[in-house]
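In: got a structure for you, letters missing:
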Ligand SMILES: CC(=O)N[C@H]1[C@@H](OP(=O)(O)OP(=O)(O)OC[C@H]2O[C@@H](n3ccc(=O)[nH]c3=O)[C@H](O)[C@@H]2O)O[C@H](CO)[C@@H](O)[C@@H]1O
Ligand SMILES: C=C(OP(=O)(O)O)C(=O)O
């Protein structure tokens, strides 16, 4: 079994570079299939399991995809099949993002229903409501959602009951090729929405207002392949900010964009973490004593749910009572039980977790319950007494490139091993360690 073994107590020092954003690159890769002419060249692509999955989804549709040196080249100009089977959607929910582009370009799309996942139910009703408003017929049955339209989609006014990131992306992509104007109200304002709109506009789309709560899209007849570089990953940046803070270290997080990280910066500062903007990124200096604070996850520009578990690790080390309220996903506290195995003192009350800090964290064998929980348990391990062993690394690999290796380069005592291949005792020492995805395809 693969596991990451970390021994707490080392302060982190040095520089770490943030990769391209997973949550920006997945919609951008999905959007590339709208281009009926030319080749798309996407740069700054992180080498992640989710990127392999979306590439496979596209190849399965007859798209020509190459991934080398952090660049994905896509030629979608030929006739494509318009289906995404369950085997991909099960691995990665973002596969549903091919619905909008396929429907807009070919008038048909069939994608396996994503279902729930470890953080909650995650419905796609708002995506479908948008397609229907644009004239599509949508049918859900036998585990699939199938949408079709005769001729082109028609521009429409779509009000989202909640500012869903995925629904905003799917509807924006569909509207880019629709006839006439689409207005999406109460849409998501995340930086990844702005990035996708910038990409689509470069391809020839006419989108204004991305990053505000109303997006207007004037549909065009055709979109073209272009070169594009995705934004840096704000969640990876935030995770390393917490790593610096929890270890009492001093780390420059290269490529971190402060504008994307306002809520995280502000909460870390409330905890007495020192953050300064430098030319190449953000410098984070951990205090001797962390102060307790409260967070409530909300759509952007509120506190991001994807940073909730990492902040939980930090709050466990802070003096006093901290409260985390999760309002975005109804079941994103699975990691609480794992933290408890590390002697964390906390209780769940409805949608809140109350943390009495500081906990005397102890190393333990823990299992990652989702992607961000994986990172959070490793962060707690940086502070815990003795060795923490984190398993279920498939979650980590969905969203972090060389996480253990990057922490080791900052001075963490951490190693990734596969004890089904090599006995653990012979490999528990500071890096270098192997990565699962050593080559790209
Ligand atoms: C690949 C990607 O970019 N994933 C991100 C995206 O996920 P994702 O796009 O799936 O998340 P959404 O923004 O859609 O979901 C937010 C909330 O809206 C609800 N909802 C959503 C759609 C819908 O049709 N109906 C509905 O009720 C969900 O149940 C949830 O409570 O945004 C989330 C919220 O910032 C992040 O945690 C994910 O990392
Ligand atoms: C929940 C996340 O991603 P996804 O929507 O791909 O599951 C995440 O990035 O933390």
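Out: Good, I have the coordinates. Just so it is clear, the structure is predicted and the values come from calculations on it, not from any experiment. Numbering: from 1, shown residues only. Ligands and ions are numbered 1, 2, ... in the order given.
In: can you tell me if stretch 393-409 touches ligand 1.
Out: No. Figure legend: stretch 393-409 not in contact with ligand 1 (Cβ under 6 Å from any ligand atom); closest approach 8.4 Å. Quick note: C-beta positions are derived from backbone N, CA and C, even for glycine.
In: so for stretch 359-371, mean pLDDT?
Out: Stretch 359-371 comes out with an average pLDDT of 97.
In: other residues contacting it?
Out: 6-8, 117-119, 309, 316-317, 332, 334-335, 338-339, 341-346, 374, 377, 380-381, 383-393, 395-396, 398-400 (Cβ atoms under 8 Å, 6 or more residues apart in numbering).
In: just how off-centre is it within its chain?
Out: Centroid separation for stretch 359-371 versus its chain: 21 Å, with Cα atoms, centre = their mean, to the nearest Å.
In: distance between the ends of that stretch?
Out: Counting by Cα to Cα, to the nearest Å, you get 23 Å between the two ends of stretch 359-371.
In: so does that stretch get close to ligand 1?
Out: No. Remark: stretch 359-371 sits outside contact range of ligand 1, by Cβ under 6 Å from any ligand atom, the gap being at least 8.2 Å.
In: next step: the contacts of stretch 359-371 restricted to strands.
Out: Taking DSSP state E as the definition of strands, the contacts of stretch 359-371 contribute 6, 7, 346, 387, 388, 389, 390, 391.
In: can you tell me the closest non-neighbouring residue to residue 331?
Out: Spatial nearest neighbour of residue 331, chain neighbours left out: residue 120 (4.5 Å); criterion: Cβ to Cβ, 6 or more residues apart in numbering.
In: same deal with residue 277?
Out: Using Cβ to Cβ, 6+ apart, the nearest residue to residue 277 is residue 258, at 5.4 Å.
In: just to revisit the earlier point, give me the buried subset of the ones in strands among the contacts of stretch 359-371.
Out: 6, 7, 346, 387, 388, 389, 390, 391 (16 or more other Cβ atoms under 10 Å).
In: let me have these in a markdown table, adding pLDDT and distance to ligand 1 as columns.
Out: As requested, those are arranged in a markdown table below (pLDDT from 0 to 100; distance: Cβ to the nearest ligand atom, whole Å):
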| residue | pLDDT | distance to ligand 1 |
| --- | --- | --- |
| 6 | 98 | 24 |
| 7 | 98 | 30 |
| 346 | 97 | 22 |
| 387 | 98 | 30 |
| 388 | 98 | 25 |
| 389 | 98 | 26 |
| 390 | 98 | 20 |
| 391 | 98 | 22 |
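In: widest-spaced pair of the residues you listed?
Out: 7 and 346 (23.1 Å; Cβ to Cβ).
In: list buried residues within the contacts of stretch 359-371.
Out: 6-8, 119, 309, 316-317, 332, 335, 338-339, 342, 344, 346, 374, 377, 380-381, 383-384, 387-393, 395-396, 398-400.
In: those also near ligand 2: which ones?
Out: Among the buried ones among the contacts of stretch 359-371, ligand 2 is touched by residue 399 when using Cβ under 6 Å from any ligand atom.
In: how about the residues of this structure by ligand 2?
Out: The interface of the chain toward ligand 2, taken as Cβ under 6 Å from any ligand atom, is made up of 23, 93, 94, 306, 371, 372, 399.
In: thinking again about what came up before, looking at the residue nearest to residue 331 now. What's its pLDDT?
Out: The model's pLDDT for residue 120 equals 87.
In: list the contacts for residue 358?
Out: Contacts of residue 358 by Cβ under 8 Å, 6+ apart are 290, 316, 317, 318, 319.
In: tell me who's in contact with the second one.
Out: So that's residue 316. With Cβ under 8 Å, 6+ apart, residue 316 has these contacts: 339, 344, 345, 346, 355, 357, 358, 359, 361, 380.
In: before we move on, what about residue 4?
Out: 378, 381, 389, 390, 393, 396, 403, 404, 414, 415, 416 are the contacts of residue 4 under Cβ under 8 Å, 6+ apart.
In: distance of the residue in the stretch 301-441 of the chain that ligand 2 sits nearest to from residue 278?
Out: Here the stretch 301-441 of the chain gets closest to ligand 2 at one residue, residue 306, 3.9 Å apart by Cβ to the nearest ligand atom. According to Cβ to Cβ, to the nearest Å, residue 306 and residue 278 sit 24 Å apart.
In: give me the more crowded residue out of those two.
Out: It is residue 306, of residue 306 and residue 278, that has more neighbours when counted by other Cβ atoms under 10 Å, with 25 against 11.
In: mind checking the SS state of that one?
Out: helix (DSSP: H, G, I helix; E, B strand; the rest coil).
In: right, is stretch 309-316 up against ligand 1?
Out: No. Counting by Cβ under 6 Å from any ligand atom, ligand 1 has no neighbours in stretch 309-316; the shortest distance is 11.3 Å.
In: just the mean pLDDT for that stretch, thanks.
Out: 98.
In: spell out which residues of the protein are next to ligand 1.
Out: Checking the chain against ligand 1 by Cβ under 6 Å from any ligand atom, the hits are 23, 26, 93-94, 120, 122-127, 162, 164-167, 188, 192, 305-306, 328-329.
In: filter those residues to the buried ones?
Out: For these, buried by 16+ other Cβ under 10 Å: 23, 26, 93-94, 122, 124, 126-127, 164-167, 188, 192, 305-306, 328-329.
In: filter the residues you listed down to the ones in helices?
Out: 23, 26, 126, 127, 165, 166, 167, 192 (DSSP state H).
In: in TSV, list those residues along with pLDDT.
Out: Output for those, formatted as TSV (pLDDT from 0 to 100):
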residue	pLDDT
23	98
26	98
126	98
127	98
165	98
166	98
167	98
192	98
